[in-house]
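J.: 3D, please:
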Amino acid sequence: MVLLTRAILFFFEILYWLIIARVIISFLPLQNIQNPWRKILRFLFEVTEPILSPIRNLLPRNQMGIDFSPFILILLLILIRQLVISAFLG
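T.: Residues are numbered from 1 along each chain as shown. Got it, this is the predicted structure:
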């Protein structure tokens, strides 16, 4: 049971860092990026977009151009993580 809990926590940790990396990368100019980095960016986008897109669709359109879906997703992941921990560890 402890191994399963650690595996789930590790999954959540990886997901947090992927979301944070995507947010940071969204601020960088990526027009002239080299080919190996494109594969990494594509992987990052393909992993995070299916999770971020439904949250983004639920939010009202923001006139300031700020995407709050990563912030909301991280809050949801923290909540789910705490529920998993309390379920497994009692």
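J.: and residue 63, how many residues sit next to it?
T.: When neighbours are defined as other CB atoms under 10 Å, residue 63 has 6 of them. (C-beta placed from N, C-alpha, C; glycine too.)
J.: and the residue nearest the centre of the chain, what pLDDT?
T.: Closest to where the C-alpha atoms of the chain average out (CA atoms, centre = their mean) is residue 19, at 3.0 Å. At residue 19, the model reports a pLDDT of 95.
J.: Then residue 84?
T.: Here, the pLDDT recorded for residue 84 equals 84.
J.: Leaving out the residues flanking it, which one is nearest to it?
T.: Closest residue in space to residue 84, ignoring its immediate chain neighbours: residue 8 at 5.5 Å, by CB to CB, 6 or more residues apart in numbering.
J.: Can you pull the poorly scored residue ranges out of this structure?
T.: 31, 33, 90 (pLDDT under 70).
J.: Show the residue spans covered by the helices in it.
T.: Using DSSP state H, the helices of the chain run over 2-26, 35-58, 69-89.
J.: So the residue nearest to the centre of the chain sits against residue 49, correct?
T.: No: applying CB atoms under 8 Å, one finds residue 19 not in contact with residue 49, separated by 10.8 Å.
J.: if I look at the nearest residue to residue 47 once chain neighbours are set aside, how far off is residue 74?
T.: Once flanking residues are discounted, residue 47 sits nearest to residue 18: 5.7 Å by CB to CB, 6+ apart. For residue 18, the distance to residue 74 (CB to CB, to the nearest Å) stands at 11 Å.
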